[in-house]
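J.: Turn this into a structure:
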Amino acid sequence: MKASIISGDIISYTSLNNKEKLKIEQKLKYLLNLLKKEYNIFGRIIKGDYLEFYIPKTEKVLRYALIIKCYIRFIAFEIQSKTKTKQNRLKLFQAYGIRLAIGIGELERLDLKKGIIDGEAIYMSGRLINSLKTYDKERSTVKNTLFIKIYDKELNDETDALISLLDKVISDATAKQAEVLFYKLRGFSETEIAKLLNISQSAVNQHSTSAGWNAIEKAVLRFERVIKEKVQ
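T.: Predicted coordinates for the structure are as follows:
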């Protein structure tokens with residue numbers, strides 16, 4: 001069966017202190033519970049900084065990846081370092097948050113109760129993340145944080161440019177803009193978001209507009225239509 005997987009790793013995680021790691025772990029557990037409750041997404045944390053998600057609705061995988069990315073982006077600024085030597089590494093985490101790789105392909109084995117996910121989709125996303133981690137260790141730089149690998153080359157080429165543009169847009173968002181996008185991607189109205197964040201609706205609209213929500217929404221809806229039509 002065709003399926004979608006998101007693999008991810010927290011940037012600069014190993015350079016953070018235990019208190020900072022604990023805060024991140026608590027935030028990640030909240031996110032996993034939220035995704036499970038709202039979208040029936042199976043997610044797990046492996047070795048503290050590595051994550052895997054099985055997405056039941058393949059066409060929704062990009063939306064969920066952006067929800068994860070926006071969440072990490074705004075919670076990163078809640079974590080502070082008192083040690084000067086750690087501040088540069090923390091700034092790298094705050095600037096980029098998390099790498100995410102989407103894999104769409106076959107799954108030969110799926111038993112979520114036993115935690116078994118095996119097949120092409122998870123291999124593709126996992127290999128992407130591992131290759132990028134090695135590259136960044138050698139280069140000490142982060143250029144992109146959102147990637148996709150699809151079993152169909154033509155479909156992969158069609159969606160790759162879209163993914164790169166969305167990566168740039170989200171990476172340029174402020175923490176507050178990312179928080180607004182986090183709720184918008186989940187379908188919350190501006191009135192609901194204003195109440196949750198204790199700000200005015202006009203402020204929500206301003207953050208949304210500045211973050212490029214209209215373009216993000218069009219891109220995500222286009223991706224969902226294409227994947228639903230072509231992935232069987």
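
J.: Any idea how far the longest helix anywhere in the chain is from the middle of the chain?
T.: When the chain is parsed with DSSP state H, its longest helix is helix 18-39. Relative to its chain's centre, helix 18-39 lies at 13 Å (Cα atoms, centre = their mean, to the nearest Å).

J.: Would you mind listing the buried residues in that helix?
T.: Across helix 18-39, burial judged by 16 or more other Cβ atoms under 10 Å covers 20, 21, 24, 27, 28, 31, 32, 35, 39. For every residue, glycine as well, the C-beta is placed using N, CA and C.

J.: quick one: which helix or strand includes the nearest residue in space to the fifth one that is not next to it in sequence?
T.: Computed as Cβ to Cβ, 6 or more residues apart in numbering, the closest residue to residue 28 that is not its neighbour in sequence is residue 45, at 5.7 Å. Element membership of residue 45, judged by DSSP states H and E, is strand 42-46.

J.: pLDDT on that strand, on average?
T.: For strand 42-46, the per-residue pLDDT values average out at 94.

J.: thinking again about what came up before, so which elements touch the longest helix of the chain?
T.: Helix 18-39 makes packing contacts with strand 42-46, helix 61-75 when contacts are defined by 3 or more Cβ pairs under 8 Å, 6 or more residues apart in numbering; DSSP states H and E.

J.: What average pLDDT does it get?
T.: Helix 18-39 carries an average pLDDT of 93.
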